[in-house]
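Peer 1: sequence plus predicted model, see below.
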Amino acid sequence: MDFSWTEEQEQIRKTARAFANQEIAPYVAEYDAAERFPKEIVQKAAALGFMGGVIPAKYGGSELDFISFTIILEEISKVCHAVGCALSFPSGLAGSSILRFGTEEQKEKYLKPLAEGKGFAATGLTEPHSGTDVASMETVARKDGDRYVLSGSKAWISFLEVADWILTFATLDRANPRKNICAFLIDRDTPGLRFKPYKNKLGFRPLSTGDVFLDECVVPGKNRVGAEGEGLKVAMSAVENGRLGVAARALGLAQACLDAATKYAQERIVFKQPIGRFQLVQSMITDMITGIEGARAATYRLAWLKSQGAVQARKEASIAKMMASDAAFMAATHAVQIHGAYGCSGESPVSRYFRDAKVFQIVEGQNQLHRSLIAETHLGFRE
Ligand SMILES: Cc1cc2nc3c(=O)[nH]c(=O)nc-3n(C[C@H](O)[C@H](O)[C@H](O)COP(=O)(O)OP(=O)(O)OC[C@H]3O[C@@H](n4cnc5c(N)ncnc54)[C@H](O)[C@@H]3O)c2cc1C
């Protein structure tokens, strides 16, 4: 694995860092507190090609290699991983599944505006009774000629405030859901489709996450993505991209914690010396550095494998996602500790990092699942 960046990748890092510092940093505290999605900022980033990710130019994408994609998400997420999340969306489940399984008409109508930042989307998999065990979903699709009628509900779905459409999943047979799942693209204005965002979430506050209700929603057959019964395959087709995106965002957040803690440890005087002089504070800084270095290696290794065209990197995706989110949570915990009472204030960015870091251990497959996947693959119990 080559650890050096190309000149182009260095330039991308510089541009993304400057954008994050100039266009996001002055506003992030305000929109996080207001639980508002910063659409205008994401659209500015899209104009620089940051949203097009790894999607081909033909479909509005930036055709980036996976390392450049990761660099952008890491840099942006040092300031706000919620913007990073929006930028990762076209290359994640929402966009990649259409790219792989969608018709030309679906690519033109849904993928292109998403990759160009002209439209937004949500992906609805999780239900009130099925999160990790996604295949046991209860939302049902009834076939009615050349259309489907969907009924059920989804929970914890992000981007509800801005989504123009939702990629969601329903089963044709509730008695045997796994083999009968289908993927659908549903326009926001479809009668029977209703969104109800939650307020006062622990973290990820700008993401407008909440319930989706499907009450006899009529969806034309041409809006099914992939074949009937292929829904689980569609959902799993982009997990590596999704996990790479989450790892890159968690890594950016972890680095922001280390940067803030380093500055504070150098400047805060207690017992007539900077607190960074205390060995127990140094120990926390060392934990943060080693956690981040390990997570960075795992994340860029996954990006490198994907750039080499690896057909499957499922274990590496779990390693990167788990290591980066665990590193972020440890870094955020230590960063708050080093900041003392100031770390508990809403004014301090580290309190936001702390709230967000916990959520990273739950989304895109909770970390107990990744622990099992890594060991099961290693032991030969799973491919
Ligand atoms: C802020 C936020 C945004 C989200 N956005 C989206 C979105 O846009 N779209 C979407 O579809 N979903 C989204 N989710 C949902 C997220 O993907 C799920 O919360 C996640 O998959 C876990 O599912 P669950 O919450 O139902 O946990 P459960 O499956 O109920 O699990 C609860 C806990 O049980 C343990 N556990 C479960 N299974 C196992 C196992 N096999 N082995 C060991 N331990 C286990 C784990 O500790 C786990 O954390 C979001 C969640 C949050 C918090």
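Peer 2: Cool, the structure landed.
Peer 1: neighbours of residue 342, how many?
Peer 2: 14 (other C-beta atoms under 10 Å). For glycine as for every other residue, the C-beta is placed from the backbone atoms N, C-alpha and C.
Peer 1: quick one: pLDDT of it?
Peer 2: Residue 342 carries a pLDDT value of 97.
Peer 1: wait, it sits on residue 349?
Peer 2: No - checked against C-beta atoms under 8 Å, the pair residue 342 and residue 349 is beyond contact range at 10.6 Å.
Peer 1: excluding its backbone neighbours, what's nearest the closest residue to the ligand within the stretch 1-150 of the chain?
Peer 2: The stretch 1-150 of the chain approaches the ligand most closely through residue 131 (1.9 Å), counting by C-beta to the nearest ligand atom. The shortest distance from residue 131 to any non-neighbouring residue, by C-beta to C-beta, 6 or more residues apart in numbering, is to residue 156 (7.4 Å).
Peer 1: and what of residue 92?
Peer 2: The nearest residue in space to residue 92 (C-beta to C-beta, 6+ apart) is residue 242, at 4.4 Å.
Peer 1: and the one you found, what is it in contact with?
Peer 2: 88, 92-93, 364 (C-beta atoms under 8 Å, 6 or more residues apart in numbering).
Peer 1: just the ones in helices from these, please.
Peer 2: Taking DSSP state H as the definition of helices, these contribute 88, 93.
Peer 1: could you dump the contacts of residue 242 to JSON lines with pLDDT?
Peer 2: Putting the contacts of residue 242 into JSON lines (pLDDT from 0 to 100) gives the following:
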{"residue": "88", "pLDDT": "97"}
{"residue": "92", "pLDDT": "95"}
{"residue": "93", "pLDDT": "92"}
{"residue": "364", "pLDDT": "96"}
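Peer 1: top of the contacts of residue 242 by neighbour count?
Peer 2: residue 88 (30 neighbours).
Peer 1: from the ligand, how far out is the residue of the chain most remote from its centre?
Peer 2: Taking C-alpha atoms, centre = their mean as the measure, the residue most remote from the mean C-alpha position of the chain is residue 272, 43.3 Å away. Remark: distance between residue 272 and the ligand (C-beta to the nearest ligand atom, to the nearest Å) = 43 Å.
Peer 1: buried sites along stretch 20-40?
Peer 2: 20, 23-24, 28, 31-32, 35, 37-38 (16 or more other C-beta atoms under 10 Å).
Peer 1: let me have these in TSV, extended by secondary structure, pLDDT and distance to residue 285.
Peer 2: Shown next, in TSV, are the buried residues of stretch 20-40 (DSSP: H, G, I helix; E, B strand; the rest coil; pLDDT from 0 to 100; distance: C-beta to C-beta, whole Å):
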residue	secondary structure	pLDDT	distance to residue 285
20	helix	98	23
23	helix	98	30
24	helix	98	26
28	helix	98	24
31	helix	98	30
32	helix	97	26
35	coil	97	32
37	coil	97	34
38	coil	98	31
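Peer 1: returning to that earlier point: run a quick neighbour tally on the residue of the stretch 1-150 of the chain closest to the ligand.
Peer 2: If you count neighbours by other C-beta under 10 Å, residue 131 ends up with 17.
Peer 1: OK, contacts around the residue of the stretch 201-350 of the chain at minimum distance from the ligand?
Peer 2: Nearest to the ligand, among the residues of the stretch 201-350 of the chain, is residue 204, at 3.8 Å (C-beta to the nearest ligand atom). By C-beta under 8 Å, 6+ apart, residue 204 lies in contact with 82, 85, 158, 356, 359, 363.
Peer 1: and for the fifth one, nearest residue in space, chain neighbours not counted?
Peer 2: What it means is residue 359. Distance criterion C-beta to C-beta, 6+ apart; nearest residue to residue 359, sequence neighbours excluded, is residue 203 at 4.2 Å.
Peer 1: pretty sure that neighbour contacts residue 361?
Peer 2: No - the criterion here is C-beta under 8 Å, and residue 203 misses it with residue 361 at 10.6 Å.
Peer 1: which stretches in the stretch 1-150 of the chain count as helices?
Peer 2: With helices called from DSSP state H, counting those that start in this stretch, the stretch 1-150 of the chain shows them at 7-19, 28-33, 39-47, 66-77, 81-88, 93-101, 104-106, 112-115.
Peer 1: flag every buried residue along the shortest one.
Peer 2: So the one you mean is helix 104-106. residue 106.
Peer 1: and the contacts of that helix?
Peer 2: With C-beta under 8 Å, 6+ apart, helix 104-106 has contacts from 98, 185, 222-223, 225.
Peer 1: check residue 382 and give its pLDDT.
Peer 2: 89.
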